[in-house]
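Visitor: quick one, what's the 3D model for this:
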Amino acid sequence: MEIVNNTNLDMGNYGDTELDIEWINNLAWYGKAVRNDGFICEVHPGELSSYGIWEKFPFNKARLHIWQYPLPNLELVILLVFVLWQVFDIFFKKLGLLIPKFASMMLAGLLLNVLLTVSGDKSIIQEILFPVNRIDIPGCLGTFGFMMFWFLNGVKMDFKTIFKAEAHARLTGVAASALPITVGLVLYKFKSAESIPLKAVEYNTLLLMESLTSFSEIARLLVDLGMNHSSVGQVALSTSVVSNMVGLMFWLGTVPLGFQSLVQGVGLLLKMFFFIVIVFALVRPIMFKAISKREGRPIEDKYIYGILIMVFLSCTYWDGLEQFPALGAFFLGLAIPNEPPLGSALVERLESFSFGIILPLFLSASMLRSDIRVWKDFLTFYSSNDTKFAVGSLVLLVFLLKLSASIIVPYLYKMPLKDSIVLSLIMSHKGIIELSFYLFSFGLELLDRDTFSILVLSILLNSLFLPMAIKFLYDPSKRFMCYQKRTLASMKITGALKTLVCIHRPDHISSMINLLEACYQSDKSTLTCYVLHLVELQGQEVPTLIAHKVQKLGAGTGEKYSENVILSFEHFHRYVRGSIFIDTFTCITNSNHMQDDICWLALDKAVTFIILPFHRTWSLNRTSIVSDSEMIRFLNFNVLKQAPCSVGILVERHLVNKSQESQQNLKVCVIFVGGEDDMEALAFAKQMARQENVTLTVLRLLAAKKSKEVTGWDQMLDTVELRELIRSNDPGTLKEESSTTYLEEVILDGADTSMLLRSMAFDYDLFIISRTCGQNHTATLGIESWCEFEELGVIGDFLASPDFPSKTSVLVVQQQRTIANN
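Guide: Okay, here's the model as predicted:
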């Protein structure tokens, strides 16, 4: 153990005096002590953790408690904060409230603040949160997480969105920031200095930060509310980027005004621009060069470590300029390419740990620095302090001005009033960015504690009540509500069939093309197919939908994400020529919200049938499972819940291929029990049966006790429509009658159904079945508990299980569920 101090440690000073027992005890246990002559002594390296039971007996009274050691203290604070904010987050979800996660983190810090106030200065909570003679390690770690948060915000932010934004989004973004700042500056100019209790630096800081709209905060709020794929959410993202940049330009423009000497102000501004030029003119090209060398391979760790070092250097540079250090990390993040492999690797490795574990420490520390007694005086109007009233008035004024600007401008551009109000509430949201800047200003003593406490209160109230108001005015579940039937059963037999085919991986391409080839229409009734390639969003916040006109594309001109998909479907279109219209899209979005893009495109294009791939993929010989994606399964569930039309899930284990040159027919079997979903499955099978090389078998399962009677309206309707579909829906077409076989089987229970299907396992190439086939029916009696995949239904799951004898493909169909008038 080495004893070090900031001056020469002269132990002789104690030769003539009594030994300072307390000084030695503090130095031995805490690693830091102050001598009688004022010198500070420290022990390096200090004791990080306890020796456990071995120090209890010899040092029973003098020893430290476990929470007083640095490492256990850090672990305990992380655990305490994490548990508290998770409890609040789960509590809000159980209540059905879409409260942002950072609000739960702030409430965790508020609860700790209340516990400190109630328990007193010598409580265990005080020792844990504010240890004696210790560096605030949790606070330092929280600050590190905060710097990473700003850096990742820069990485995920695409400033090119400004140029892609529509006119009303740009104007709204400018007005939402410029109007409050302009009005605030005019009011300050025409009021006397004596009538304004706030100092000029306080007033300008509050005015700028309250007028600013942070892109990262808006993006995270929209994700929490499930609105980032809605039309209002897309406008809000574009508007927030513009507003963010406008606020940043205002701030840079006011930097020289903060100095008495204009030369000093301009010099500081030049130093800032020098940094920005360096990161964009030097660092960004280097990053692109590093990415080009990887050629699609994962990024190496050395690049990640090098970028982290640059983050620290950037923060240090801006701190040396006596400016907000996190801006250095933010500008560096903007210069980092946000596309894979670099941007996505940074977000994937740093975001979860930073936002979920470290950042809550920063937010909790911010709440601990606020004085909740000021909140009581402010909320009850007990205090007559003019400064508190001025702060509250300024915050309210800026909020109303921003709200008004964000309502009026979109409304003038023909946006519905309700959507304009929702957009204005989104643009008025405050969060981590504003809180961090206020904390930085408080640390520089630009804001006093009372002002800081009121601002923290305003952010907390904003983050709690604004999402509730948005949720009340805007229900995401009604976005895909359809006002007309879009089902196969209600479609004319000669009508144009519109389908939406979803592709996740390259092996889904062939299966979807084979199915489309087996059911494509004649020249009299064409098939319109929209192909949607789903790519997981990585490294950025804004989802992207790219439209490709396949008929106009040449080989090799597809986007880099979907080149195989585009070329494959272009080749298929050339093969079938004019009987199919194909339009291809690429959707780059978060995996948790892919269903929103699927349903939105289906609604926009008036699609009748969505075809989804099953989440399991089989090997080439169709005997073993090579991939099992829970993400795709979760997506299929969500599409089934909210789709504005009928949906099918294709389980391909046998090549569903109808070749005109082949002499063998494609054998299709529809299993029919009764109900709307069964009618939908039969209607799709009828589309296939109209083709030359397709033979259709309709297998109807009847309950043993009711096989000779027809009771109830639904059963009568099933019987009548089944006869019509089997005999003929098109009097001019006799092909269906000649290629369709109708079978009836009497079933005692589920075991009977299982034996029947096993006996015909090798007779067909494709089974078409509804999701609810046999539900609450004798056909599934006793086998309901065997169902592994609920999205396939009981019988569909049995046909797709590894225990089924053959490897026949299965198409599970569900009729449209969401109709507005229902």
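Visitor: helices of the stretch 451-600 of the chain, start to end?
Guide: Along the stretch 451-600 of the chain, counting by DSSP state H, counting those that start in this stretch, helices occupy 507-519, 563-576, 594-604.
Visitor: for those helices, give me CSV that also has mean pLDDT.
Guide: Compiled in CSV, the helices of the stretch 451-600 of the chain are given as follows (pLDDT from 0 to 100):
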stretch, mean pLDDT
helix 507-519, 84
helix 563-576, 82
helix 594-604, 86
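Visitor: possible to save these as a markdown table with distance to residue 684 and mean neighbour count?
Guide: To be clear about C-beta, it is placed using only N, CA and C from the backbone, and glycine gets the same treatment. Converted to a markdown table, the helices of the stretch 451-600 of the chain look like this (distance: least, C-beta to C-beta, whole Å; neighbours: other C-beta atoms under 10 Å):
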| stretch | distance to residue 684 | mean neighbour count |
| --- | --- | --- |
| helix 507-519 | 7 | 21 |
| helix 563-576 | 18 | 18 |
| helix 594-604 | 16 | 22 |
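Visitor: for residue 605, report the pLDDT, please.
Guide: Per-residue pLDDT puts residue 605 at 86.
Visitor: name the nearest residue to it, ignoring sequence neighbours.
Guide: Nearest residue to residue 605 in three dimensions, chain neighbours excluded: residue 530, at 5.5 Å (C-beta to C-beta, 6 or more residues apart in numbering).
Visitor: around that neighbour, how many other residues sit close by?
Guide: Residue 530 has 21 neighbours, counted by other C-beta atoms under 10 Å.
Visitor: list the contacts of it.
Guide: By C-beta atoms under 8 Å, 6 or more residues apart in numbering, the contact set of residue 530 is 498-501, 582-585, 601, 605, 607.
Visitor: distance check, it against residue 745.
Guide: Here residue 530 is placed at a distance of 38 Å from residue 745 (C-beta to C-beta, to the nearest Å).
Visitor: now do residue 790
Guide: Using C-beta to C-beta, residue 790 is found at 25 Å from residue 745.
Visitor: got it, and residue 379?
Guide: Residue 379 is 73 Å from residue 745, by C-beta to C-beta.
Visitor: am I right that residue 576 is in contact with residue 517?
Guide: Yes. Judged on C-beta atoms under 8 Å, residue 576 makes contact with residue 517 at a distance of 7.1 Å.
Visitor: where does the stretch 201-350 of the chain have low pLDDT?
Guide: In the predicted model of the stretch 201-350 of the chain, residues 257-258, 294-296 satisfy pLDDT under 70.
Visitor: which residues in it form helices?
Guide: Remark: helices assigned in the stretch 201-350 of the chain by DSSP H, counting those that start in this stretch are 215-225, 231-254, 262-278, 284-294, 301-320, 326-335, 342-353.
Visitor: likewise the stretch 1-150 of the chain?
Guide: Under DSSP H, counting those that start in this stretch, the stretch 1-150 of the chain gives helices at 21-29, 70-94, 101-119, 124-129, 137-156.
Visitor: just to revisit the earlier point, list the beta-bridge partners for the residue nearest to residue 605.
Guide: With beta bridges defined as DSSP bridges, residue 530 has these partners: residue 500, residue 583.
Visitor: separation between it and residue 683?
Guide: 20 Å.
Visitor: and if you look at residue 508?
Guide: 24 Å.
Visitor: residue 639 too?
Guide: As judged by C-beta to C-beta, residue 639 and residue 683 stand 19 Å apart.
Visitor: same deal with residue 105?
Guide: Counting by C-beta to C-beta - residue 105 and residue 683 are separated by 52 Å.
Visitor: mind jotting down where the strands sit in the stretch 651-800 of the chain?
Guide: 666-672, 694-703, 740-747, 766-770 (DSSP state E, counting those that start in this stretch).
Visitor: next, the buried residues of the first one.
Guide: Applying a neighbour-count criterion of 16 or more other C-beta atoms under 10 Å, one finds 666, 668-672 buried in strand 666-672.
Visitor: if you average pLDDT over each of the helices of the stretch 1-150 of the chain, which is lowest?
Guide: helix 21-29 (a mean of 64).
Visitor: the closest residue to residue 88 other than its chain neighbours: how many residues sit nearby?
Guide: Closest residue in space to residue 88, ignoring its immediate chain neighbours: residue 104 at 3.9 Å, by C-beta to C-beta, 6+ apart. For residue 104, the count of nearby residues is 23 (other C-beta under 10 Å).
Visitor: residues in contact with residue 104?
Guide: Counting by C-beta under 8 Å, 6+ apart, residue 104 touches 85-86, 88-89, 92.
Visitor: got the angle between the helix or strand residue 374 falls within and helix 101-119?
Guide: Assigned by DSSP states H and E, residue 374 belongs to helix 372-379. Interaxial angle, helix 372-379 versus helix 101-119 (axes from the mean of the first three to the mean of the last three C-alpha atoms, to 10 degrees): 110 degrees.
Visitor: tell me which residue is most central in the protein.
Guide: residue 223 (4.8 Å; C-alpha atoms, centre = their mean).
Visitor: find the nearest non-adjacent residue to that residue, please.
Guide: Going by C-beta to C-beta, 6+ apart, residue 223 has residue 590 as its nearest residue, at 7.4 Å.
Visitor: next up, phi/psi of the one you found, please.
Guide: Residue 590 adopts backbone torsions of phi -70, psi 140, taken as degrees, to the nearest 10.
Visitor: from residue 229, how far out is it?
Guide: Applying C-beta to C-beta to residue 590 and residue 229 gives a distance of 9 Å.
Visitor: quick check: pLDDT value at residue 37.
Guide: 69.
Visitor: for the residue nearest to residue 117 when sequence neighbours are not counted, which residues are in contact?
Guide: In space, and not counting its chain neighbours, residue 117 is closest to residue 372: 6.5 Å by C-beta to C-beta, 6+ apart. Residue 372 makes contacts with 110, 113-114, 117, 453, as judged by C-beta under 8 Å, 6+ apart.
Visitor: got it, and residue 704?
Guide: 746-748, 778.
Visitor: same question for residue 451.
Guide: Neighbours of residue 451 in contact, by C-beta under 8 Å, 6+ apart: 198, 202, 387-388, 391.
Visitor: from the residues you listed, which two are the most distant?
Guide: The largest separation in these, counting by C-beta to C-beta, is between 202 and 388 at 12.2 Å.
Visitor: what about residue 127, how many neighbours?
Guide: Residue 127: 17 neighbours (other C-beta under 10 Å).
Visitor: ditto for the one 3 residues further on
Guide: As a burial measure, residue 130 scores 13 neighbours (other C-beta under 10 Å).
Visitor: what's the closest non-adjacent residue to residue 283?
Guide: Using C-beta to C-beta, 6+ apart and skipping residues adjacent in sequence, the residue nearest residue 283 is residue 335, 5.2 Å away.
Visitor: list the contacts for the one you found?
Guide: Shown in contact with residue 335 (C-beta under 8 Å, 6+ apart): 154, 279-280, 283-284, 287.
Visitor: for those residues, which single residue is the most surrounded?
Guide: Neighbour counts for the contacts of residue 335 (other C-beta under 10 Å) peak at residue 154, which has 24 neighbours.
Visitor: distance check, the nearest residue to it once chain neighbours are set aside against residue 275.
Guide: Spatial nearest neighbour of residue 154, excluding adjacent residues (C-beta to C-beta, 6+ apart): residue 333 at 2.2 Å. From residue 333 across to residue 275, the span is 13 Å (C-beta to C-beta).
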